[in-house]
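**Student:** Model the following, please.
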Amino acid sequence: MNDIYLEISKLSDKFRTMAYGLISDENEVNEAVQELLLYLLQMNPTTLKTIYEKDGIDGVTRYGAVALRRALTSPRSNYYYKYKKYYTHIDSLTSAVTYNEMETGETIPSKHLYNLPNELTDDYVWTSLEKIDVALEDNFSWYDKKVFELYYYEGNTLSSLAAKTGISRNSLYTTIDKVRTELKYKLSE
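**Tutor:** Next up, the predicted model:
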């Protein structure tokens, strides 16, 4: 297997060239190729060995090309979740400003971590939690309120909550679902 892994490591330039056919950003290309190499190293060794024995390094290259294309084009790929989704979200936060001058006078393009808005604070989260607490206090019985708090505020799972309280999982789920639905309605008013 080590021989196969050594051969795969020599293919990184070839995979990089393939990735440039799909995207043009050098950083994305490097990240995608690294993710592909990691995928090939972590895949089932017998499957990799079968591909290598059947078609040689050419078969591994073709398999890698298909995996690379899927990683770069599918929104369900690991590459998408690790890199594209995260950086696309950051870029959408910063796209309103074209350039930003830092305190040092250095000009930084908008797609940079320094340009994340400072207005994103926890104040909004606390305000929402306060509204939920008030709605729980005013509209629900002590039982419904306590079950909801144990589930959401203390981070219990349904199974752990059922084990702690002795209440069936189905009953807990029904209560939590009822409170959640009612809260959505009350908070949307």
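**Student:** From residue 33, how far off is the one residue sitting closest to the centre of the chain?
**Tutor:** Centroid-nearest residue in the chain, with Cα atoms, centre = their mean: residue 81, separated by 4.7 Å. Residue 81 sits at a distance of 17 Å from residue 33 (criterion: Cβ to Cβ, to the nearest Å). Any C-beta I mention is one placed from the backbone N, CA and C, and that applies to glycine too.
**Student:** so how far is residue 71 from the residue nearest to the centre of the chain?
**Tutor:** 10 Å.
**Student:** Residue 48: what's it in contact with?
**Tutor:** 1, 4, 40, 60 (Cβ atoms under 8 Å, 6 or more residues apart in numbering).
**Student:** in this protein, which spans are helices?
**Tutor:** For the chain, the helices defined by DSSP state H cover 2-9, 12-20, 26-42, 45-73, 78-79, 85-94, 123-139, 142-148, 158-165, 169-188.
**Student:** So which residues make contact with the third one?
**Tutor:** Read that as helix 26-42. Here helix 26-42 has contacts from 5, 8-9, 12, 15-16, 19-20, 23, 48, 60, 64, 67-68, 71-72, 78-79, 82-84, using Cβ under 8 Å, 6+ apart.
**Student:** what angle do it and helix 45-73 make?
**Tutor:** Put simply, helix 26-42 runs at 160 degrees to helix 45-73, going by axes from the mean of the first three to the mean of the last three Cα atoms, to 10 degrees.
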